[in-house]
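In: kindly generate the corresponding structure for this input.
(one chain, ligands or ions: 3)
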Amino acid sequence: MENSSTTTRIGKVLKVTRKTYDVAIDGRVITCTVKGSLTAQDSEYRTVRVGDDVRVQLVNETEGVITEILPRRSRLSRTIESRQYQEHIIATNIDQILVIMSTREPAFKSGLLDRYLVIAERNQLQATICINKIDLANPEDFEIYREYYTKIGYPTFFASAVTGTGVDHLKEILKGKVTALVGHSGVGKSSLIKALEPGLDIKVGEVSRRTRKGQHTTTVVQLFPLSFGGFVIDTPGIRELGFWDIFKRDLHKYFREFRQYEGDCQFADCLHIHEPGCAVKAAVERGEILEERYHNYLAIYASLRNAPYEVR
Ligand SMILES: Nc1nc2c(ncn2[C@@H]2O[C@H](COP(=O)(O)OP(=O)(O)OP(=O)(O)O)[C@@H](O)[C@H]2O)c(=O)[nH]1
Ligand SMILES: [Mg+2]
Ligand SMILES: [Zn+2]
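Out: Ligands and ions are numbered 1, 2, ... in the order given. Prediction:
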């Protein structure tokens, strides 16, 4: 049976379970196992992750064997302290993060938004911001955020899953890309996806809503194919995304608009907290950096730990 090369296909891993892998190939879902020679090698390409592009040898119409993981172009990962800071890959080949916030119910909290943006920066992923439930508020009250975050490089738009505002724009953003959706429970992630993809059975939200009440949230990650091209991932909570893996001294690197000022701080290792001659604080005072965002920086800083090798 040496003609197997004629039946290999490239597909994308949607879901990983204990024994099998769901792989999307030409719009079908193929249940796969992994070839032994793949797991035997000593590299990060030994373990198949959600989002991986893989070569599959088809066994029949519905089953196949993964023989190769193609190079990954990005990853969403966290480090696990209890395992010597080992990297845990949550998903791969993500093109962008879409942070969904709501105006009300739950209330807009820029502190939470900034935490999600830190996660995006740490993973070197581009982020877009959607302010949903705009039908429940006066858009003018949120214009300041739309303008500021757009200016610092996070395109921000308003939406409503109820009235349909912004849904076409959302479609343009998701089209042809792999997007990780993040956002607090209840902001309308599932509603927005359903608004543009009514046929999609996106259950992840309900599952995570239920488990979030428990002590331990599941970290099951799944890709959902979109009929107009592209995939969305409904991600686990902020804790599961490893937010707390960041040390105090590194936080400033993830506030991208600080960078242009940092060279002018009096101290090269300035963390922009209470150091004299801080150019970041001066920019806050001049109104160039949004004061609320700087306060979020301070609050997040206070919530993080020192690196184990330093005493400050
Ligand atoms: N008024 C208004 N209500 C909305 C909008 N979008 C969603 N909702 C409502 O908000 C509630 C929560 O929506 P979901 O789509 O389940 O929120 P979610 O982000 O998926 O929540 P989790 O799955 O728990 O993470 C539902 O009752 C929706 O009907 C909106 O744009 N406007
Ligand atoms: Mg949901
Ligand atoms: Zn400074």
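
In: in the stretch 101-250 of the chain, which spans are helices?
Out: Along the stretch 101-250 of the chain, the stretches classed as helices by DSSP state H, counting those that start in this stretch are 110-122, 143-151, 167-174, 189-196, 204-212.

In: could the ones you listed go into CSV alongside distance to residue 72, mean neighbour count and mean pLDDT?
Out: In short, each C-beta sits where N, CA and C put it, glycine included. Output for the helices of the stretch 101-250 of the chain, formatted as CSV (distance: least, CB to CB, whole Å; neighbours: other CB atoms under 10 Å; pLDDT from 0 to 100):
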stretch, distance to residue 72, mean neighbour count, mean pLDDT
helix 110-122, 17, 21, 95
helix 143-151, 28, 15, 98
helix 167-174, 20, 16, 97
helix 189-196, 25, 20, 89
helix 204-212, 22, 16, 46
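
In: what's the closest of the ones you listed to residue 275?
Out: For residue 275, the closest of the helices of the stretch 101-250 of the chain is helix 110-122, at 20.8 Å, according to CB to CB.

In: what segments of the protein are strands?
Out: With strands called from DSSP state E, the chain shows them at 8-16, 21-25, 28-34, 53-58, 63-69, 75-80, 86-92, 96-102, 126-132, 156-158, 178-182, 223-225, 231-234.

In: wait, which of the ones you listed is closest to residue 279?
Out: Of these, the one closest to residue 279 (CB to CB) turns out to be strand 126-132, at 24.8 Å.

In: coming back round to it: quick one: closest of the strands of the chain to residue 249.
Out: strand 75-80 (15.5 Å).

In: quick one: closest of the helices of the stretch 101-250 of the chain to ligand 1.
Out: helix 204-212 (2.3 Å; CB to the nearest ligand atom).

In: contact residues of the stretch 151-300 of the chain facing ligand 3?
Out: 265, 270, 272, 278, 280 (CB under 5 Å from the ion).

In: quick one: the residues you listed as JSON lines, columns for neighbour count too.
Out: Below are those laid out as JSON lines (neighbours: other CB atoms under 10 Å):
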{"residue": "265", "neighbour count": "21"}
{"residue": "270", "neighbour count": "20"}
{"residue": "272", "neighbour count": "24"}
{"residue": "278", "neighbour count": "20"}
{"residue": "280", "neighbour count": "26"}
